[in-house]
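Participant: I would like the atomic coordinates for the input below:
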Amino acid sequence: QVQLVESGGGLVQAGGSRRLSCAASGGTDSTYTMGWFRQAPGKAREFVSVIPWTGDTPKYADSVIGRFTISRDNAKNTVYLQMNTLKPEDTGVYYCVASTYYSSSNYNYGGMYDYWGQGTQVTVSS
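Facilitator: Modelled structure (predicted):
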């Protein structure tokens with residue numbers, strides 16, 4: 001059973017930076033697509049970023065382009081989300097996700113992902 005454990009969340013001032021990590025265990029390897037979703041209070045869950053195992057270019061939500069960078073270390077089975085120039089609207093619970101599948105048309109759909117972490121809270125104060 002694949003397990004995803006996020007870390008790195010916390011309180012940060014607007015304009016600041018934060019790096020989230022997600023350690024995968026239990027069967028994941030470099031052939032897993034991994035990514036991040038988030039959910040703000042009272043709002044629907046939304047796609048943030050994905051890094052395909054296929055070598056395709058990472059994808060980002062329009063709202064984070066130019067500010068967030070996703071990367072992965074296959075040797076450590078870990079994916080990272082570097083978040084810069086944070087805004088109050090980035091506040092939410094950030095979930096790490098993984099899938100054995102990748103679709104260039106469905107990557108922003110939560111149903112594509114088989115595995116979800118418990119989430120880590122990021123709060124950006126104004």
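Participant: what about the chain, any weak spots by pLDDT?
Facilitator: 28-30 (pLDDT under 70).
Participant: Of all residues in it, which one is nearest the centre?
Facilitator: residue 36 (2.0 Å; Cα atoms, centre = their mean).
Participant: ok, the nearest residue to it once chain neighbours are set aside - how many residues close by?
Facilitator: Spatially, and ignoring its direct neighbours in sequence, residue 36 is nearest to residue 48 (4.2 Å; Cβ to Cβ, 6 or more residues apart in numbering). For glycine as for every other residue, the C-beta is placed from the backbone atoms N, C-alpha and C. Counted with other Cβ atoms under 10 Å, the neighbours of residue 48 add up to 25.
Participant: Residue 35 is in contact with residue 48, correct?
Facilitator: Yes. The criterion here is Cβ atoms under 8 Å, and residue 48 meets it with residue 35 at 7.2 Å.
Participant: Give me the residues contacting stretch 91-98.
Facilitator: 2, 4-6, 9, 20, 22, 24, 28, 32-41, 43, 45, 48, 50, 79, 81, 110, 113-124 (Cβ atoms under 8 Å, 6 or more residues apart in numbering).
Participant: Which members of those are classed as buried?
Facilitator: Buried by 16 or more other Cβ atoms under 10 Å: 2, 4, 6, 9, 20, 22, 24, 28, 32-38, 48, 50, 79, 81, 113, 115-117, 119-120, 122, 124, out of the contacts of stretch 91-98.
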